[in-house]
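**Q** sequence and predicted structure below; questions after.
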Amino acid sequence: MDWATTSTILCQLQDFNHRPAWAFFHAHMRRPIVSFACRMGLGRADADDVAQETMLAFATRYRGGAYDRSKGRLRKWLYGIALRQIRNAHRRLSRREEQFSEQIRAELELTDDRSLSAWEQEWERALLHACLERVRHEVEPLTFQAFARVVRDERPPMEVAGELGVPVKTIYNAKHRVLKRVRELRDLEP
């Protein structure tokens, strides 16, 4: 399935047998949920469980018509579901462990503003990753390699140009081209 807007995906998710839409949704939404759960104090295995439970709760509630787009963005609704699942996981863990650490207790009592901020950061990180992956497949390998070395690795353009055997202008053009395409994809926000 190609890159799609949230509206397109939600429309396709109306058909519960539309496997490509559900697979796309799962692939793009799971990453920020797992990262958010880890950031909220869960281990990777528990965070994976939370992601699965969140996706299941989403599907059940979406199927029941609980999501109303006029009341807010999908990511905020998904945040609420994920936060509930994280809190439930912490409660289950606390029952299994005799000592309930102060850190976990504090994370359970995080204000909505702090947890929402953490969610937004993880969402943006996952969205950037998805955009970069898409662009990596759209541009020539040399273009993406030049971009990655200059932006991600924070290397001087002149040095990268020498390593790749291209004019420094080619490096600047590669950076500009990739960033422009990332911004375009970011504006579509799946």
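**A** Arrived safely, thanks for sending. Numbers count the residues shown, from 1 in each chain.
**Q** low pLDDT regions in the chain?
**A** For the chain, the stretches flagged by pLDDT under 70 are 1-6, 95-113, 189-190.
**Q** cutoff 80 now
**A** Applying pLDDT under 80 to the chain flags residues 1-11, 14-16, 69-72, 94-116, 187-190.
**Q** quickly find the element holding the residue nearest the centre of it.
**A** Within the chain, one residue has its C-alpha closest to the average C-alpha position: by Cα atoms, centre = their mean, that is A126, at 2.7 Å. Per DSSP states H and E: A126 is located in helix 112-138.
**Q** after that helix, which helix or strand is next?
**A** Past helix 112-138, the next helix or strand by DSSP H and E is helix 141-147.
**Q** before we move on, back to that, buried residues of the helix holding A126, list them for me.
**A** Along helix 112-138, these residues count as buried under the neighbour rule (16 or more other Cβ atoms under 10 Å): S115, A118, W119, E122, W123, A126, L127, A130, C131, L132, V135. (C-beta placed from N, C-alpha, C; glycine too.)
**Q** Y79 touches A118, doesn't it?
**A** No: distance between Y79 and A118: 9.5 Å, which falls outside the contact criterion (Cβ atoms under 8 Å).
**Q** now for Y172: which residues touch it?
**A** Residues near Y172 by Cβ atoms under 8 Å, 6 or more residues apart in numbering: P157.
**Q** how close does it get to P157?
**A** Separation of Y172 from P157 (Cβ to Cβ, to the nearest Å): 6 Å.
**Q** how close does Y172 sit to R181?
**A** As defined by Cβ to Cβ, Y172 lies at a distance of 15 Å from R181.
**Q** off-centre distance for stretch 41-58?
**A** In this view, stretch 41-58 has its centroid 14 Å away from the chain centroid, taken as Cα atoms, centre = their mean, to the nearest Å.
**Q** helices along this protein, start to end?
**A** When assigned using DSSP state H, the helices of the chain occupy the ranges 6-13, 19-39, 44-63, 74-96, 102-108, 112-138, 141-147, 157-164, 168-188.
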